[in-house]
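Asks: with the input below, show me the fold.
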Amino acid sequence: MKTEDRKAAVAAYKEKKTAAGIYAVRCRPSGQVWVGHAPNLGAIQNRLWFTLRQGLCRQAALQAAWQTHGPAAFACEPVEVFDDEALGHVRDRLARERLAHWRSELGAEAL
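Replies: Below you'll find the model as predicted:
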């Protein structure tokens, strides 16, 4: 890769907008649901699936379900996307409140 191309790729990556919000992980066979929040909803599934494949997930019930049913039984989906304009401290408070709401709404465990 040429230096100019590399610089352009790095600049494009830094300019890319990320969406923060609440996501749900569902295990289809068992019906279990886990809910978490992430600063980058586009990357959370990759990160979470990696930890599950390595056996390093901190949520024991999720890790056990993954080992029992396998990766094909799981889906990760955003359930709420936060407004880009929210300030950092406001977004953190909003995330905690909305996470509690979605855990109650979906009968989910926390991630």
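
Asks: any stretches of the chain with poor pLDDT?
Replies: 85-87 (pLDDT under 70).

Asks: longest helix of it, counting residues only.
Replies: Taking DSSP state H as the criterion, the chain has its longest helix at helix 88-106.

Asks: what comes up buried for it?
Replies: For helix 88-106, a neighbour-count test (16 or more other Cβ atoms under 10 Å) marks 91, 94, 95, 98, 99, 102, 103 as buried. Glycine gets a C-beta too; all of them are placed from N, C-alpha and C.

Asks: between those residues, which sits nearest residue 14?
Replies: residue 91 (20.0 Å; Cβ to Cβ).

Asks: now do that closest one against residue 107, distance only.
Replies: Counting by Cβ to Cβ, to the nearest Å, the gap from residue 91 to residue 107 is 25 Å.

Asks: do residue 74 as well
Replies: 17 Å.

Asks: higher neighbour count, the two?
Replies: For residue 74 versus residue 107, the count of surrounding residues by other Cβ atoms under 10 Å is larger for residue 74: 21 against 10.

Asks: contacting residues for the residue lying closest to residue 39 once chain neighbours are set aside?
Replies: Using Cβ to Cβ, 6 or more residues apart in numbering and skipping the chain neighbours, the partner closest in space to residue 39 is residue 20 (4.7 Å). For residue 20, the contact set (Cβ atoms under 8 Å, 6 or more residues apart in numbering) comprises 37, 38, 39, 40, 41, 81, 82, 91, 95.

Asks: ranking the residues you listed by neighbours, who comes first?
Replies: residue 37 (23 neighbours).

Asks: all helices for the protein, in order.
Replies: Going by DSSP H, the chain shows helices at 3-15, 41-54, 60-69, 88-106.

Asks: and the contacts of the second one?
Replies: The reference is to helix 41-54. Applying Cβ under 8 Å, 6+ apart, the contact partners of helix 41-54 are 18-21, 23, 25, 36, 38, 57-58, 62-63, 66, 71, 74, 76, 78, 81, 111.

Asks: so which elements touch the longest helix of the chain?
Replies: strand 21-27, strand 33-38, strand 74-81, strand 109-110 (3 or more Cβ pairs under 8 Å, 6 or more residues apart in numbering; DSSP states H and E).
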